[in-house]
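1. structure of the sequence below:
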Amino acid sequence: NALPSLLVPNVPFTLETLWIILPTSIAVAAVGLLESLLTASIVDLMTDTGSDKNRESIGQGIANIASGFFGGMAGCAMIGQSVINVKSGGRTRLSTFAAGAILLFMLLVLGDWVGLIPMPALVAIMIMVSIGTFNWSSLRDLVHHPRRSSIVMLATVLTVVGTHNLALGVGVGVLLSGIFFAWKVSQIFRVTSTLENDVRTYRVEGQLFFASAEDFLAAMNFEEQVPRVRLDLS
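-> This is a model prediction of the structure:
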């Protein structure tokens, strides 16, 4: 019921303290950045405009560091509120500033009355926000989308719902995306060979890494006796 005051956290500023908070801080930063970038992409798509993702991330980082000195918790862009804001006609910074200012007014001035609102009413509001935010056509599109993309999306949703941990869901999604990407890139790999003037030339096309290393070795004829072997990686 009062404005926050500037204060310094009452913890020892040692390397041991940093090591204690490091795992949590990395998880919070990763989830915050990913959700903010995802929100920015969705808003860009809805409004058919572009945005500076670097400026968004830097601003968020500075704000989170500053809020810590006023007793605040780290935050990030919020998909539900942003979608509802855009659908309600918000297009400029004034709409987001108004949302924050009204929230502050409700906490400082109307705090006692807001506390009287029953929890089931707030739950109902959040359910309606979820219904309004969810892209229902994406369920039909699962059949038409690439199978790997659908698997990543479903695995991420099921992990988040099952564990109540957004960081784990993001981790599973990123891991599966990395595995599928590596498999996809490994398929775009080819080695052709030519023999000219006693020089065996192997021309490599595509990305050479752990997933394509076996195909690379299989393309080599180690039994052939030639004076020179040339690898063309251009």
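
2. tell me the secondary structure at the residue nearest the centre of the chain.
-> The geometric centre of the chain, computed from its C-alpha atoms, lies nearest to L34 (Cα atoms, centre = their mean), at 2.8 Å. Three-state assignment for L34 (DSSP: H, G, I helix; E, B strand; the rest coil): helix.

3. my read: it touches G173, true?
-> No: counting by Cβ atoms under 8 Å, L34 stays clear of G173, with 9.0 Å between them. C-beta coordinates here come from the backbone N, C-alpha and C atoms, glycine included.

4. nearest residue to the residue nearest to the centre of the chain other than its sequence neighbours?
-> V170 (5.5 Å; Cβ to Cβ, 6 or more residues apart in numbering).

5. next one: D232
-> R203 (4.4 Å).

6. quick check: bridge partners of the one you found?
-> T192, D232 (DSSP bridges).

7. so it versus A121, what's the distance?
-> As defined by Cβ to Cβ, to the nearest Å, R203 lies at a distance of 68 Å from A121.

8. more crowded one of these two?
-> R203 (14 against 8; other Cβ atoms under 10 Å).

9. so what's the more buried one up against?
-> By Cβ atoms under 8 Å, 6 or more residues apart in numbering, R203 lies in contact with 191-194, 232.

10. can you put those residues in TSV and add distance to W136?
-> Formatted as TSV, the contacts of R203 follow (distance: Cβ to Cβ, whole Å):
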residue	distance to W136
V191	47
T192	48
S193	53
T194	55
D232	51
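
11. mind giving me the PyMOL select for the residues you listed, buried ones only?
-> In PyMOL, this line selects whichever of those come out buried by 16 or more other Cβ atoms under 10 Å:
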select buried, resi 191
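
12. from P120, how far out is L37?
-> 34 Å.

13. tell me the contacts of the residue nearest to L34?
-> So V170 contacts 30-31, 34, 156 (Cβ under 8 Å, 6+ apart).

14. 7 Å - rerun?
-> 30-31, 34 (Cβ atoms under 7 Å, 6 or more residues apart in numbering).

15. how about D232?
-> Contacts of D232 by Cβ under 7 Å, 6+ apart are 201-204.

16. just how off-centre is stretch 173-187 within its chain?
-> Relative to its chain's centre, stretch 173-187 lies at 16 Å (Cα atoms, centre = their mean, to the nearest Å).

17. give me the buried positions along it.
-> Buried residues in stretch 173-187 (16+ other Cβ under 10 Å): 173, 176-177, 180, 186.

18. same question, stretch 198-213
-> Buried residues in stretch 198-213, counting neighbours by 16+ other Cβ under 10 Å, are found at 200, 202, 204, 211-212.
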